[in-house]
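S.K.: Need the 3D shape of this:
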Amino acid sequence: MALIKIGIIGVGNCASSLLQGIIYYQGRNHNNAIGILNWSINGYTPYDIEVVSAFDIDQRKVGKDVHDAIFEKPNCTKTFVPNMPKAGVKVSMGKILDGFSEHMKNYDPEYTFLLCDQKEPTKSDVIKILQHSGTEVLLNYLPVGSEAASRFYAECALEAGVSFINNIPVFIASDPTWAEKFKSRGIPIIGDDIKSQVGATIVHRALVNLFEKRGVRLEKTYQINTGGNTDFLNMLNRKRLDKKKESKTTAVQAVMKKKLEDLNIHIGPSDYVPWLNDNKVAFIRMEGRLFGDIPMNLELRLSVEDSPNSAGSAIDCIRLCKLAFERNIGGVLEAPSAYYCKHPPVQYVDDEAFLLLKDFISNK
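M.R.: Below you'll find the model as predicted:
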């Protein structure tokens with residue numbers, strides 16, 4: 001079976017965890033594969049994937065083998081495969097556009113980007129790289145708020161005939177105009193804004209669903225997230241957060257029978273704490289009333305390594321795009337998007353999305 005050829009936009013922490021994971025699971029099987037949601041999808045295992053193209057704008061990464069670049073600063077996620085073999089793929093200079101927030105120029109370069117001064121590629125340059133490398137699935141790992149840059153690469157994927165996984169809260173799969181573009185060309189897309197395996201959003205949704213099923217009336221809730229990676233540093237620019245906040249809030253509200261008023265729900269990033277590195281700490285509070293109209297509240301603290309948590313979902317999405325391509329299914333993959341993303345075109349409660357995903361994989 002041929003390997004699935006992927007391209008990476010943004011060689012940051014998430015890309016590092018994903019590419020390490022592909023090597024980590026080589027030689028393993030479903031009996032000793034901790035952390036994998038689906039071991040085999042249409043015959044493809046987590047290690048039946050290879051990176052063949054990559055784009056970044058940091059001078060410490062551009063021009064380097066991608067398996068070396070994933071360990072360059074400002075990446076700070078945990079290393080669980082310290083001796084990565086050479087990929088034989090050099091990181092290409094990417095398109096900047098709004099993929100870089102101006103306020104990050106004022107930080108220590110250890111924690112932020114060193115912009116590469118190489119000439120930026122044109123759309124035709126990117127398409128040529130995707131086609132010549134044989135890229136089949138392109139993953140968007142740009143910083144939150146990269147609206148123009150995300151659409152630039154989505155257009156490149158369309159013209160190159162490459163599947164697109166939109167891991168960030170820029171609304172492409174959930175935008176009917178873009179969805180129709182991918183459908184009309186028969187190209188699979190999954191999006192928008194990937195859910196981690198066990199992240200703050202999926203836990204919050206599960207708790208809201210629990211309240212609903214146990215007859216507790218939820219009245220107020222918040223979810224606050226802190227971290228020390230470049231994603232959180234980028235999000236100190238609050239102008240870049242509108243879609244992120246909307247995506248996370250919509251994901252939680254979607255499992256409620258009756259949505260809360262805006263004043264009674266707050267979900268979004270809070271602050272950047274450098275020494276946390278890629279560790280994300282989330283705080284969730286829920287206030288409600290149970291039998292006899294008696295008040296109760298729940299508070300939860302969740303601590304996870306952010307990027308491996310995301311990679312566990314991304315490694316499934318890659319194989320689902322390949323499955324769809326082999327079955328001649330184009331456009332938004334509704335069940336995978338609903339299960340793996342915070343802002344899909346159609347929201348389902350997670351139990352229902354899980355069953356729809358299983359049906360999609362088994363071709364029912």
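S.K.: What residues does the nearest residue to Leu114 once chain neighbours are set aside make contact with?
M.R.: Once flanking residues are discounted, Leu114 sits nearest to Gln59: 4.8 Å by CB to CB, 6 or more residues apart in numbering. Just so you know, the C-beta spots here come from the backbone N, C-alpha and C atoms, and that holds for glycine as well. Each residue near Gln59 by CB atoms under 8 Å, 6 or more residues apart in numbering is listed here: Leu114, Leu115, Cys116, Asp117.
S.K.: pretty sure the second one contacts Arg60?
M.R.: In this case it means Leu115. No - applying CB atoms under 8 Å, one finds Leu115 not in contact with Arg60, separated by 10.5 Å.
S.K.: More neighbours: which of these two?
M.R.: Between Leu115 and Arg60, counted using other CB atoms under 10 Å, Arg60 has the larger neighbour count: 19 against 15.
S.K.: okay but the more buried one is in contact with Lys73, surely?
M.R.: Yes - proximity of Arg60 to Lys73 meets the contact threshold set by CB under 8 Å, at 6.2 Å.
S.K.: related to what we said a few turns ago, any chance of the contacts of Gln59 in CSV, with secondary structure, pLDDT and distance to Ile267 too?
M.R.: Output for the contacts of Gln59, formatted as CSV (DSSP: H, G, I helix; E, B strand; the rest coil; pLDDT from 0 to 100; distance: CB to CB, whole Å):
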residue, secondary structure, pLDDT, distance to Ile267
Leu114, coil, 90, 33
Leu115, strand, 91, 32
Cys116, coil, 93, 35
Asp117, coil, 91, 39
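S.K.: Relative to Ile187, which of those is nearest.
M.R.: Among these, Cys116 lies closest to Ile187 (CB to CB), at 29.4 Å.
S.K.: Excluding chain neighbours, what is closest to that closest one?
M.R.: Sequence neighbours aside, Gln59 is the residue nearest to Cys116 in space, at 4.0 Å (criterion: CB to CB, 6+ apart).
S.K.: Look up how far Phe71 lies from the one you found.
M.R.: In this view, Gln59 and Phe71 are 15 Å apart by CB to CB, to the nearest Å.
S.K.: Point out where this protein drops to low pLDDT.
M.R.: For the chain, residues meeting the criterion pLDDT under 70 lie at 364.
S.K.: for Asn237, phi and psi?
M.R.: Per-residue torsions, Asn237: phi -80, psi 100 (degrees, to the nearest 10).
S.K.: what's the helix or strand for Ile8?
M.R.: Counting by DSSP states H and E, the element that carries Ile8 is strand 4-9.
S.K.: residues in contact with that strand?
M.R.: Contact with strand 4-9 is made by 15, 18-19, 44, 48-55, 66, 94, 129-130, 133-142, 153, 162, 318-319, 322, as judged by CB under 8 Å, 6+ apart.
S.K.: Would you mind listing the residues in contact with Ile168?
M.R.: For Ile168, the contacting residues are Asn140, Tyr141, Leu142, Pro143, Val144, Ser146, Ser150, Asp192, Asp193, Ile194, by CB under 8 Å, 6+ apart.
S.K.: what does His30 give?
M.R.: Contacts of His30 were listed using CB under 8 Å, 6+ apart, and they are Ile36, Trp39, Ser40.
S.K.: Repeat the analysis, applying 10 Å as the threshold.
M.R.: Shown in contact with His30 (CB atoms under 10 Å, 6 or more residues apart in numbering): Ile36, Asn38, Trp39, Ser40, Thr45.
S.K.: Ile23 now?
M.R.: Tyr47, His67, Phe80, Val81, Asn83, Met84, Pro85, Ala87 are the contacts of Ile23 under CB under 10 Å, 6+ apart.
S.K.: what about the last one, is that helix, strand or coil?
M.R.: Following DSSP: H, G, I helix; E, B strand; the rest coil, Ala87 is assigned to coil.
S.K.: Next: the first one.
M.R.: When classified by three-state DSSP, Tyr47 comes out as coil.
S.K.: what's the neighbour count on it?
M.R.: Neighbour count of Tyr47, defined by other CB under 10 Å: 17.
S.K.: Skipping its backbone neighbours, what lies nearest it in space?
M.R.: Spatially, and ignoring its direct neighbours in sequence, Tyr47 is nearest to Gln26 (4.4 Å; CB to CB, 6+ apart).
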